[in-house]
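Trainee: Here's a sequence, model it:
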Amino acid sequence: MLKLPRGNHYAHLAPTAETVAHGERALRVFRWTRTTYVAE
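Mentor: Purely as a prediction, here's the structure:
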């Protein structure tokens, strides 16, 4: 699970079994699962 800061909220992403080719590399695909907001 990734938790990325995006201004006043976090985007939560989960890895999938899917990959995409980028040049010589295979990159894992992540899917958005939810957004949580920063408590002040």
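Trainee: For stretch 4-17, buried residues please.
Mentor: Neighbour counts using 16 or more other CB atoms under 10 Å place 10, 12-13 of stretch 4-17 among the buried residues. Where C-beta positions appear, they are placed from N, C-alpha and C, glycine not excepted.
Trainee: Let's have the residues you listed in CSV, adding distance to residue 37 and pLDDT.
Mentor: Output for the buried residues of stretch 4-17, formatted as CSV (distance: CB to CB, whole Å; pLDDT from 0 to 100):
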residue, distance to residue 37, pLDDT
10, 8, 97
12, 12, 98
13, 16, 98
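Trainee: can you tell me which of these are in strands?
Mentor: Of the buried residues of stretch 4-17, the ones assigned to strands by DSSP state E are 10, 12-13.
Trainee: so which of these comes closest to residue 31?
Mentor: Of all those, residue 31 sits closest to residue 13, with 6.4 Å by CB to CB.
Trainee: Give the burial count for residue 40, as a bare number.
Mentor: Residue 40: 4 surrounding residues under other CB atoms under 10 Å.
Trainee: Would you check how far apart it and residue 6 are?
Mentor: 16 Å (CB to CB, to the nearest Å).
Trainee: Now do the contacts for residue 26.
Mentor: Counting by CB atoms under 8 Å, 6 or more residues apart in numbering, residue 26 makes contact with 19-20.
Trainee: how about the helix or strand hosting it as CSV, C-alpha atoms only?
Mentor: Secondary structure assignment for residue 26, by DSSP states H and E: strand 25-37. What follows is strand 25-37, C-alpha atoms only, in CSV (Å, rounded to 0.1, in the frame of the first residue of the first chain):
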residue,chain,number,x,y,z
ARG,A,25,11.9,-2.2,-17.2
ALA,A,26,8.6,-3.9,-16.1
LEU,A,27,6.8,-1.5,-13.7
ARG,A,28,4.1,-2.6,-11.2
VAL,A,29,0.7,-1.0,-11.7
PHE,A,30,-1.0,0.5,-8.6
ARG,A,31,-4.7,1.2,-8.3
TRP,A,32,-6.3,4.0,-6.3
THR,A,33,-8.3,2.7,-3.3
ARG,A,34,-9.3,5.7,-1.3
THR,A,35,-8.5,9.3,-0.1
THR,A,36,-8.1,10.4,3.4
TYR,A,37,-7.9,14.1,4.6
